[in-house]
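In: sequence below, structure please.
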Amino acid sequence: MLSIIIPTLNEAKYLKKTLRALQKNATHECVKEIIVVDGGSSDKTGIIAMEGGARIIYETAAPKGRAFLLNRGAEFASGTAILFLDADSIVPKGYDEDILHCLASDGNVGGAFEFTLVGKQFGLRVVEAVNRLRYRLFPWYYGDQGLFVIKEVFDQAGGFPQVKIMESSDLSRRLWKYGRLCLIKKPMLTSARRFLKYGIYRVLGQDFELWLLNILGRDVEQYADEYWRFNKNKKR
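Out: Numbering: from 1, shown residues only. Just a heads-up that it's a prediction; the model follows:
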C-alpha cells in the first residue's frame, strides 16, 4: 500500500489539480492515504486538502526548507511505501502501478519519475534535457520528480537530512546504500513558475551551480537562504 506525502506552503492555486490527478491517474486500489503537511499557509491550502480527501497536518512553526515537513508526514504514513510529491506536480497515468512494479523488483528500494516542466517554451526543454542528463550520470533524484521509497528503508536511512536545501538529493545518496533506485520513464509534470518568473536560463544557471557543488560533495547549506530568497514565491 502507498502513502503519499505532500509538503505545502500557500499552494491553493496548484494543490487541487495535484490531488485530482492522484485519484484520476491511479490504476490500482493501492493508494492508502494522502497526507498534506502544511508549513503555515495563509491561503485556502488546508481547505482544499481536506476537500480533496487528504489528511492535513499543520506545522505552523516549521523551519525553512521541506525536510521537516516531509519527515513529519512520514511519521504518520502507514503504507509500506511512500511517494513524496510536490504540491504543483501532476502524476502520470498508472503511477501507482509503476511504483509497485519497481519496488517488486529484487534489489530496488525506491526511485523517481522523469523531470518534466509544464510549458511550451524552448528554454524549458533545455532545462529538462540538462536535468535528465544530470540524474542519469548521478542518479540522485529531486523532489519535483516524485521520489518514492519503501517505508522500512526510509526509516533505516534516517529519513530526509535536516537541511534547508537538496534534501531529496541527499536522501537518494543514502538510499543507494540499501539498494537500487529505479527511474520510471514517464513524465512527472511540474509547474515552471519559478523559471518563468525569474528567467529560464538565470534559474537554470543557479540550479546548475548548486548541482555541481552537491555532486562534488561541497556544503550547499550555506547557499540555502540565498536560494529561498531568490525563489520566495516557489515553495519551502
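
In: which residues of this structure fall in strands?
Out: 2-8, 31-38, 55-58, 81-84, 89-90, 108-117, 147-150, 180-190 (DSSP state E).

In: using TSV, please lay out those together with mean pLDDT.
Out: TSV is the format used below for those (pLDDT from 0 to 100):
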stretch	mean pLDDT
strand 2-8	96
strand 31-38	94
strand 55-58	96
strand 81-84	98
strand 89-90	97
strand 108-117	97
strand 147-150	98
strand 180-190	97
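
In: which one of those lies nearest to G205?
Out: strand 108-117 (16.0 Å; Cβ to Cβ). To be clear about C-beta, it is placed using only N, CA and C from the backbone, and glycine gets the same treatment.

In: who's in contact with A74?
Out: I5, I82, K151, F154, D155, G159 (Cβ atoms under 8 Å, 6 or more residues apart in numbering).

In: tell me the pLDDT at the residue nearest the centre of the chain?
Out: The centroid of the chain falls nearest to G143 when counting by Cα atoms, centre = their mean (2.4 Å). Looking at G143, its pLDDT reads 91.

In: next, count neighbours for the closest residue to it other than its chain neighbours.
Out: Using Cβ to Cβ, 6 or more residues apart in numbering and skipping residues adjacent in sequence, the residue nearest G143 is S168, 4.5 Å away. Neighbour count for S168, taken as other Cβ atoms under 10 Å: 23.

In: settle this for me: S168 is touching L147, isn't it.
Out: Yes: the pair S168 and L147 qualifies as a contact (Cβ atoms under 8 Å) at a distance of 5.2 Å.

In: what do the two both touch?
Out: By Cβ under 8 Å, 6+ apart, the residues touching both S168 and L147 are F84, Y141.

In: could you list the buried residues of stretch 50-68?
Out: By neighbour count with 16 or more other Cβ atoms under 10 Å, stretch 50-68 contains the buried residues G52, A54, I56, I57, E59, A62, G65, R66, A67, F68.

In: let me know the closest of those residues to R180.
Out: Nearest to R180 among those, with distances taken as Cβ to Cβ, is A67, at 23.2 Å.

In: quick one: pLDDT of that closest one?
Out: Residue-level pLDDT assigned to A67 equals 91.

In: can you start the count at 371 instead of 1 from here on
Out: Noted, 371 is the first residue going forward, which turns the last one into A437.

In: okay then, goodbye and thanks.
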